[in-house]
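**Q** can't give you the sequence, but here's the structure:
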């Protein structure tokens with residue numbers, strides 16, 4: 001990773017098993033992950049490959065989502081299924097929350 005970077009912010013995860021995993025660098029000074037967003041960090045593993053970790057932004061904090069120690073150079077293919085499921089779940093929860101908020105506003109009318 002370049003200097004001054006804390007990881008990569010996941011922008012898009014393909015639904016295809018061999019599809020792309022797109023991200024942008026996340027500056028080290030970034031205070032917190034946005035709600036429902038995922039940060040990936042990779043570092044060289046002690047023996048070979050990469051130690052990859054993922055964190056998820058929640059409303060009030062960040063949580064450790066998963067780790068893949070000693071992953072091969074093809075690590076994006078390894079982590080993609082987990083990231084795809086979590087981004088789908090976050091999108092569904094955001095949609096459900098918006099629907100409940102709308103329902104509550106309409107009930108007040």
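**A** Happy to help now that I have it. Everything numeric in this text was worked out from a predicted model, so none of it was measured.
**Q** Tell me the bridge partners for the most centrally placed residue in the chain.
**A** For the chain, residue 38 is the residue whose C-alpha lies nearest the centre (C-alpha atoms, centre = their mean; 1.9 Å). On DSSP bridges, the residues paired with residue 38 through beta bridges are residue 56.
**Q** Against residue 77, how distant is it?
**A** Going from residue 38 to residue 77 by C-beta to C-beta, to the nearest Å gives 16 Å. Just so you know, the C-beta spots here come from the backbone N, C-alpha and C atoms, and that holds for glycine as well.
**Q** which residues touch the residue nearest to the centre of the chain?
**A** Listed by C-beta atoms under 8 Å, 6 or more residues apart in numbering, the contact set of residue 38 reads 9-10, 54-57, 65, 83, 86-87.
**Q** Give me the subset of those that lies in helices.
**A** 83, 86-87 (DSSP state H).
**Q** top of those by neighbour count?
**A** residue 83 (22 neighbours; other C-beta atoms under 10 Å).
**Q** What is the burial count for the residue nearest to that one when sequence neighbours are not counted?
**A** Here the nearest residue to residue 83 in space, its sequence neighbours aside, is residue 13; by C-beta to C-beta, 6 or more residues apart in numbering that works out to 4.7 Å. For residue 13, the neighbour count with other C-beta under 10 Å is 23.
**Q** Cool, thanks, talk later.
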